[in-house]
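Colleague: what's the 3D shape of this:
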Amino acid sequence: MECLFCKIIAGEIPSTKVYEDEFVYAFKDINPIAPIHYLFIPKTHISGASAITPENAEIVGKIFTAIAKVAAAEKLDSGFRVITNCGEDAGQTVPHLHFHLIAGTKMGWSAETGA
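Modeller: Numbering: from 1, shown residues only. From the prediction side, this is the model:
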């Protein structure tokens, strides 16, 4: 297994879990760009947004349901951002579909940081 996020899901690499269910695993980003910065990943390997198909698209809804649960539990009522990068030029550094939940600060917009 070469995928960093697959190794995290398997428990081979430590992470700080914030959510887990049958389909989704979420953990704190090790290089946060905001006070709250979590990664939500499918437990099934999908390389990125460009690899979403009719056969695996249901997982995206499960991920967003998990994001909503965590946002509610953490009382992110003033707002949060969800970002996914697809491909090297977009800043995707791990080839496993993932969504960044970013919150805890007033955000503007920057193509560099996404915050």
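Colleague: Please state the offset of the helix ranked longest in the chain from the chain centre?
Modeller: Criterion DSSP state H: the longest helix present in the chain is helix 58-73. Per Cα atoms, centre = their mean, to the nearest Å, the displacement of helix 58-73 from the mean C-alpha position of its chain is 10 Å.
Colleague: Dump that helix to CSV, keeping only the CA atoms.
Modeller: C-alpha atoms of helix 58-73 as CSV (Å, rounded to 0.1, in the frame of the first residue of the first chain):
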residue,chain,number,x,y,z
GLU,A,58,-22.4,8.2,-3.5
ILE,A,59,-19.3,8.5,-1.3
VAL,A,60,-19.2,12.3,-1.9
GLY,A,61,-22.6,12.7,-0.3
LYS,A,62,-21.5,10.6,2.7
ILE,A,63,-18.4,12.8,3.1
PHE,A,64,-20.5,16.0,3.0
THR,A,65,-22.9,14.4,5.5
ALA,A,66,-19.9,13.8,7.8
ILE,A,67,-18.7,17.3,7.3
ALA,A,68,-22.1,18.7,8.3
LYS,A,69,-22.2,16.5,11.4
VAL,A,70,-18.7,17.7,12.5
ALA,A,71,-19.5,21.3,11.7
ALA,A,72,-22.7,21.1,13.8
ALA,A,73,-20.9,19.3,16.7
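Colleague: any chance you could map the strands in the chain?
Modeller: Here the chain has its strands, by DSSP state E, at 17-20, 24-28, 36-42, 81-83, 99-103.
Colleague: Of these, which is nearest W109?
Modeller: strand 81-83 (9.4 Å; Cβ to Cβ). Every C-beta, even on glycine, is put in place using the N, C-alpha and C of the backbone.
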